[in-house]
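Visitor: One predicted model, sequence on top.
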Amino acid sequence: MKLKSLTINGFKSFADKTEIDFQPGITGIVGPNGSGKSNIIESLRWVLGEQSAKSLRGSKMPDVIFAGSATRAPLNRAEVEIEFDNSDRFLPDQPDELRITRRIYRSGESEFLLNGKKVRLKDIVNLFMDTGLGKESFSVISQGRVESIFNSKPEDRRVLIEETAGVLKYKKEKERAEKELKETADHLDRVVDILTELK
Ligand code: ATP
């Protein structure tokens, strides 16, 4: 699967619609300090489901919307779209061209679209879980991240290894199933109580 393009519209310093087409090989993004290089990477993490405003250098999620400049009024909406070439069927259930769109409004309301259809954040997270892509993956390594991995607690490092090895998905499913099992056992206890009362 290859990254084809990233379209940024109203996200951080990108007030105007900006499309970046990724050609085969290595792409380098260069520019003076403060010109928006990190904002591009943040837009990529955001469209893949980033939920932490803090990790996007904001205090709340609508802070990612263009906040205005000396010559331009603030915007009310940010949209980022990412397109992948999935013709190698890296994601077997998805079409040859995979498009993910995320929008946010000043009100805080936001939405995700997968190939133009509204989906939940969970669908985007599940789509990329254990693939090596996604917001927490190693395909996006920010400044200081390598150091923080080295300095992290063994348990936290284990989670990273589990994600890389592809077992995290099953662990999450197991946790979900165990929770459901506990809830069912609680319901069963309640039924036994009622039956005892009725006797
Ligand atoms: P450096 O090389 O110093 O790391 P950079 O090229 O990575 O810089 P960024 O950090 O991506 O630059 O961009 C910072 C710029 O983005 C600042 O000028 C900041 O004012 C602007 N910016 C950030 N958030 C917003 C926003 N919501 N609205 C408008 N501009 C914003």
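Guide: Ah, there it is. Numbers count the residues shown, from 1 in each chain.
Visitor: What residues does this structure have near the ligand?
Guide: For the chain, the contact set with the ligand under Cβ under 6 Å from any ligand atom comprises 12-13, 31, 33-39, 63, 65-67. In this view, the C-beta of every residue, glycine as well, is placed from N, C-alpha and C.
Visitor: one more time with 5 Å
Guide: By the rule Cβ under 5 Å from any ligand atom, the part of the chain lying against the ligand is 12-13, 33-39, 66-67.
Visitor: Now restrict those residues to buried residues only.
Guide: Buried members of the residues of the chain next to the ligand, scored by 16 or more other Cβ atoms under 10 Å, are 12, 36, 38-39, 66.
Visitor: what two of those are the furthest from one another?
Guide: The span of these, defined through Cβ to Cβ, is set by Ser38 and Phe66 at 15.4 Å.
Visitor: which other helices and strands contact the strand or helix carrying Glu162?
Guide: In this assignment (DSSP states H and E), Glu162 forms part of helix 154-165. Here helix 154-165 touches helix 168-198, going by 3 or more Cβ pairs under 8 Å, 6 or more residues apart in numbering; DSSP states H and E.
Visitor: Could you quantify the relative orientation of the helix it packs on and helix 154-165 as an angle?
Guide: 110 degrees (axes from the mean of the first three to the mean of the last three Cα atoms, to 10 degrees).
Visitor: Run through who's touching stretch 11-23.
Guide: By Cβ atoms under 8 Å, 6 or more residues apart in numbering, the surrounding residues in contact with stretch 11-23 are 2-9, 35-36, 39-40, 42-43, 46, 64-66, 69, 72, 75, 78-80.
Visitor: Now stretch 50-69: buried residues?
Guide: Residues of stretch 50-69 classed as buried by neighbour count (16+ other Cβ under 10 Å): 50, 56, 58, 61-62, 64-66.
Visitor: Domain map for this protein?
Guide: Following automatic domain parsing, the chain resolves into domains at 2-152, 167-199.
Visitor: Distance check, the most centrally placed residue in the chain against Arg158.
Guide: Ranked by distance to the mean C-alpha position of the chain (Cα atoms, centre = their mean), the top residue is Gly49 at 1.9 Å. As judged by Cβ to Cβ, to the nearest Å, Gly49 and Arg158 stand 22 Å apart.
Visitor: same check, this time on Met129
Guide: Counting by Cβ to Cβ, the gap from Met129 to Arg158 is 17 Å.
Visitor: more neighbours, the two?
Guide: Between Met129 and Arg158, counted using other Cβ atoms under 10 Å, Met129 has the larger neighbour count: 17 against 11.
Visitor: So which of the contacts of stretch 11-23 sit within strands?
Guide: Among those, the members found in strands (DSSP state E) are 2-9, 78-80.
Visitor: Which two of those residues have the greatest separation?
Guide: Lys2 and Ala78 (25.0 Å).
Visitor: Those two: who's more crowded?
Guide: Using other Cβ under 10 Å, the more surrounded residue of Lys2 and Ala78 is Ala78, with 26 against 12.
Visitor: Check the contact between that one and Thr7; I expect there is one.
Guide: No - using Cβ atoms under 8 Å, Ala78 is not in contact with Thr7, being 11.6 Å away.
Visitor: Thanks again, I'm all set now.
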